[in-house]
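*Asks:* Take this sequence and fold it.
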Amino acid sequence: MPAHAQVVSESLLVDADYPNGFQVYRQLGVTENGDGSPWAANGIKAGSFTIMPKLGTEVASTSNAFQSETGAIATPFVTISPSVQAYSNWSRHWIGLVADGDFARYIGHARRNENRWTLSASGALNLTSALSATGQVSAEQIALNRFSGELSNVAASVAIIRQKTALAGLAYAMGKAKASAGVEFYNLDFQRILLSDGSASDQSNRNHNVVRLNGQLEYSPVPDLTFFVQGLYAHFNYYQLLSPSLTTSNFSSVRGVAGLRWELQGLARVTVAGGYARRNFSGLGLPAVGRASVEGRVEIFPSAFTTLTVEAMHRMSEARLIDSSPLMQDSLHVRASYEPRRNLIFNVDGNTLRQNYLLATQVSRIQSLAFSGRLLVSPNWELGARLVLSRRHTTSFSTDYVIQETNGGLSATFKL
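*Replies:* Numbers count the residues shown, from 1 in each chain. All right, here's what the predicted structure looks like:
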């Protein structure tokens, strides 16, 4: 499937394309290989489209359902995950449709239930051999817990956001170079959250729109080396005044990034980037905040069946859509993936994240260790298992709390 419309992620690292005619042997990591024959689902052919339906079920348990500081409640839960994807098989242009969801039901604790879903349509239009246009529209419901790191203050165990997105982009690729530009629109609608005493808290003061403009250049002087630069401008518009003393709740941010990707064929892949970001809070009566950032990722391939990945960053997170609070993030992520058989994959992930809020006296430290396995029984059946240990320690001028959770389950997925 071709790429969706260009979206600037919070990460500084750019997954640059290989320019036309400059394709090089690229070592794929274990988790990038796909299911492969004979384990891949065949899908349903419908004219010039392929439809890929699947239904997953997980039976799991958590040691702390409400992610509470004290009085942790352990409970089992069941998650049903239906999904349908359809994409065109045309020789040039492309259309893709996605509808999926994850619906979790906690036994005996309905207040903790989660409904996450996505509806998306995307496409690519090849205007010439070098020029292409992409677009995407989507609506989704997101559920963020206290270990996600996406919200500075989560009053309940889960925050529910409904997000609408519209994206459009143009890309021009010729020889060793590629240039692209895009516009992104996001509408974020925060739902009420259920508190521990059974009451609900209105979150509508967090509702906002975001408009972002991005541009990117990529250049590969040799097949195994790619340089990239990227620029981003974002404007945030809150529906309600964040304070009665303000006349506006709008603000903007800019970011510039430069980096490179280096392929050591069959051995490793190194991606590094640095940049500077600045967020202007003049409309809120607060000082502007600017910081330099750096981020890197190293993927090592000891064999065709093993991939080791190390990612580290020291970054000002001005590109966050959901929580607009400026903060510095220091993180380290280590992953080991092993494929003893073509239909069996094991992963171990370790994460540590420190978030220092720049306009508030708050520091959060989040750590997690995750083990997972995936067995492809046939083209139609897949089994899985996972175990995740999480911890969050947050300190501020008024609070100091620690939350811990152990969460694991067994899953089965049927695919056509």
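
*Asks:* Can you list the neighbours in contact with the helix or strand where Ile80 lies?
*Replies:* For Ile80, the element it lies in under DSSP states H and E is strand 75-88. Residues external to strand 75-88 that are found in contact with it (CB atoms under 8 Å, 6 or more residues apart in numbering): 1, 46, 48-62, 65, 94-109, 112, 409, 411, 413. Where C-beta positions appear, they are placed from N, C-alpha and C, glycine not excepted.

*Asks:* what about 7 Å?
*Replies:* Residues outside strand 75-88 that contact it (CB atoms under 7 Å, 6 or more residues apart in numbering): 1, 48-62, 65, 94-109.

*Asks:* Please spell out which residues along it are buried.
*Replies:* The neighbour-count check on strand 75-88 (16 or more other CB atoms under 10 Å) flags Thr75, Phe77, Thr79, Ser81, Ser83, Gln85, Ala86, Tyr87, Ser88 as buried.

*Asks:* And the residues you listed, which is closest to Ser220?
*Replies:* Nearest to Ser220 out of those is Tyr87 (CB to CB; 28.0 Å).

*Asks:* Now the closest one. Nearest residue, chain neighbours left out?
*Replies:* In this structure, Tyr87 finds its nearest non-sequential neighbour in Gly96, 4.3 Å apart by CB to CB, 6 or more residues apart in numbering.

*Asks:* got it, and Tyr401?
*Replies:* Nearest residue to Tyr401, sequence neighbours excluded (CB to CB, 6+ apart): Glu69, at 4.5 Å.

*Asks:* What's the local residue count around that neighbour?
*Replies:* 15 (other CB atoms under 10 Å).

*Asks:* helix/strand/coil for it?
*Replies:* Following DSSP: H, G, I helix; E, B strand; the rest coil, Glu69 is assigned to coil.

*Asks:* one step back: will you turn the buried residues of strand 75-88 into TSV that also has distance to Ser317 and pLDDT?
*Replies:* Output for the buried residues of strand 75-88, formatted as TSV (distance: CB to CB, whole Å; pLDDT from 0 to 100):
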residue	distance to Ser317	pLDDT
Thr75	33	95
Phe77	31	97
Thr79	29	97
Ser81	29	97
Ser83	30	97
Gln85	31	96
Ala86	35	96
Tyr87	33	94
Ser88	36	94
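
*Asks:* Bridge partners for Ala273, pull those for me.
*Replies:* Gly259, Glu295 (DSSP bridges).

*Asks:* On the pLDDT front, check it for me.
*Replies:* pLDDT, Ala273: 95.

*Asks:* One more: Asn250?
*Replies:* Per-residue pLDDT puts Asn250 at 79.

*Asks:* Could you number the chain from 892 rather than 1 from now on?
*Replies:* Will do, 892 is the new start, and the previous item becomes Asn1141.

*Asks:* Give me the distance between it and Ala1168.
*Replies:* Distance of Asn1141 to Ala1168, given as CB to CB, to the nearest Å: 18 Å.

*Asks:* and these two? which has more neighbours close in?
*Replies:* Just comparing Asn1141 and Ala1168: by other CB under 10 Å the higher neighbour count belongs to Ala1168, 23 against 17.

*Asks:* Assumed Ile986 was part of a helix.
*Replies:* No. Under three-state DSSP, Ile986 falls outside any helix and is assigned strand.

*Asks:* any weak-confidence spans in this protein?
*Replies:* Flagging of the chain using pLDDT under 70 yields the residue ranges 892-900, 909-918, 925-928, 1040-1048, 1086-1089, 1132-1140, 1173-1176, 1209-1211, 1214-1215.

*Asks:* coming back round to it: quick one: contacts for the residue nearest to Tyr1292?
*Replies:* Tyr1292, Val1293, Ile1294.
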